[in-house]
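A.B. asks: Sequence and predicted structure are below.
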Amino acid sequence: MVTIKRIGIQAEFEEPFSPRFPEALVRGGLGYTLRRIMCINRDVDDCADCLIGQQCMFSIMYNDTAKTRNGLQVSPYAVRCHADERDGRRMTMGFTLFQPMVPYAGHLLYALHEAGKRGVGRDRKKFTITGVTDAVSGRVFKLDDRVTRFS
């Protein structure tokens, strides 16, 4: 059986904008931030040469891929984004996490929070996470200022 977790994240940007490829914007900002905050051995160019490469969230999300029988590579997550075109400041991000990413859902939220503080894209557009929803159960999580605790 395949374990899947679906998370809906609502974000509000500091200023209006209309990204052409919002998924690429989120994926790039997330990858940069994950490497910056989680990598313990930045001197190693290849995660396969790192001591914890097999357990590292960055490596799992961006370097490790499972191979199917027909040789296709499969990512351990998928992201879909929808920008609210009415005011250009709100974006909904839908993450689907597959095993082995499911246990890292909290880490993903923290990394997105940090990416929002730093800004994403060439112009470093800053955003704040305004809500998180378990897309399967519909449960809405309340976030504190640090986005590290859920109630």
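C.D. replies: Looks like it arrived, so ask away. In this text, all values refer to a predicted model and were calculated from it rather than measured experimentally.

A.B. asks: With adjacent residues omitted, what lies nearest to Ala97?
C.D. replies: Ala isn't right for residue 97; it's Leu. Lys5 (4.5 Å; Cβ to Cβ, 6 or more residues apart in numbering). In this view, the C-beta of every residue, glycine as well, is placed from N, C-alpha and C.

A.B. asks: What is the burial count for the nearest residue to Asp123 once chain neighbours are set aside?
C.D. replies: Spatial nearest neighbour of Asp123, chain neighbours left out: Phe17 (7.7 Å); criterion: Cβ to Cβ, 6+ apart. Number of residues near Phe17 (other Cβ atoms under 10 Å) recorded here: 15.

A.B. asks: ok, Phe17 - contacts?
C.D. replies: By Cβ atoms under 8 Å, 6 or more residues apart in numbering, Phe17 lies in contact with Gly88, Asp123, Lys125.

A.B. asks: I'd like these laid out as JSON lines, including neighbour count and pLDDT.
C.D. replies: Converted to JSON lines, those look like this (neighbours: other Cβ atoms under 10 Å; pLDDT from 0 to 100):
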{"residue": "Gly88", "neighbour count": "14", "pLDDT": "84"}
{"residue": "Asp123", "neighbour count": "9", "pLDDT": "90"}
{"residue": "Lys125", "neighbour count": "19", "pLDDT": "93"}
